[in-house]
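Undergrad: With the input below, show me the fold.
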Amino acid sequence: MEKTIKVLVADDERYSRDELKHLLSEYSSIEIAGEADSGESAILQSIQHSPDVVFLDVEMPKLNGMEAAKSLLELKKPPLIVFATAYPQFAAEAFRYEAVDYLLKPYDEEQLEQTVKRIEKQLLPSPLPDTEISRQPGKLAVEGEGEILYLDPAQILYMCREEKVSQIITKTARYEVKTPLKDLESRLGAYSFFRIHKSYIVNLDYVSKLTPWFNGAYQLEIQGFKEKLSVSRNYVKALRQKLEL
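TA: Here you go, the predicted structure:
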């Protein structure tokens with residue numbers, strides 16, 4: 001099973017916790033291990049769940065984020081620290097606690113993406129070259145459950161990530177594979193594939209409709225396929241350019 005990064009979100013405001021959890025849930029590499037509404041609770045939850053990363057608000061009751069970070073770094077297995085706050089004036093102090101990043105509210109999704117990439121670089125192993133799988137010209141070789149699949153990229157409608165498993169949907173079948181989406185994306189660079197969401201990559205040759213949804217996001221429809229796919233607002237502009245809209 002692919003390794004995931006366990007994250008604890010600590011913020012005394014529930015809506016801020018919910019927003020950050022929602023944004024982080026779009027990343028297949030992230031697993032929300034818990035949440036806390038105070039610095040003291042963040043420490044107790046970290047002892048209990050051993051998260052890999054703690055996102056800390058600065059202004060919290062009982063113990064503030066800085067005080068909590070100091071205690072977290074003293075744990076036997078200290079987590080990485082990311083401060084997430086509305087107060088820019090604490091940034092310099094934050095990096096004394098070896099913070100990976102300092103995110104300002106309201107959250108900027110592009111900055112959060114860079115933060116997650118930084119975390120992944122520190123915590124996830126680099127993928128090894130797929131040297132054991134033989135190649136077939138013009139085919140995508142992927143490892144399924146106990147078998148090697150050779151798929152024609154031109155027949156792939158889209159790919160998605162669900163429950164830590166990658167799925168490849170073709171005109172005739174749906175395949176579950178072990179290969180992460182980011183690896184599939186890089187291996188299909190010569191074809192008309194485009195990422196529309198942290199969990200979706202589509203074949204642009206089969207896009208039939210693109211419609212506004214809400215909060216800057218869109219919905220996309222695939223030819224001959226009833227399900228509507230979500231287009232994250234981060235990818236809308238580039239997608240429209242790709243489709244020459």
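Undergrad: Distance check, the residue nearest the centre of the chain against V54.
TA: By CA atoms, centre = their mean, the chain has its centre lying nearest to Y27, at 1.5 Å. According to CB to CB, to the nearest Å, Y27 stands 16 Å off from V54. Placement of C-beta: from N, CA and C, glycine included.
Undergrad: who are the neighbours of the longest helix seen in the chain, in terms of helices and strands?
TA: Assignment by DSSP state H gives helix 109-123 as the longest helix of the chain. Contacts defined by 3 or more CB pairs under 8 Å, 6 or more residues apart in numbering; DSSP states H and E place helix 109-123 against strand 5-10, helix 14-24, strand 80-85, strand 101-104, helix 233-242.
Undergrad: hmm, back to that, just say helix, strand or coil for the residue nearest to the centre of the chain.
TA: coil (DSSP: H, G, I helix; E, B strand; the rest coil).
Undergrad: domain ranges for this structure?
TA: As given by automatic domain parsing, the domain ranges for the chain are 5-123, 140-242.
Undergrad: hang on, A33 packs against T4?
TA: No: using CB atoms under 8 Å, A33 makes no contact with T4, being 9.5 Å away.
Undergrad: orientation of the longest helix of the chain relative to helix 233-242 in degrees?
TA: 110 degrees (axes from the mean of the first three to the mean of the last three CA atoms, to 10 degrees).
Undergrad: Who are the contact partners of the residue nearest to E19 when sequence neighbours are not counted?
TA: Using CB to CB, 6 or more residues apart in numbering and skipping the chain neighbours, the partner closest in space to E19 is Y107 (6.7 Å). Residues in contact with Y107 (CB atoms under 8 Å, 6 or more residues apart in numbering) are E19, L20, L23, A84.
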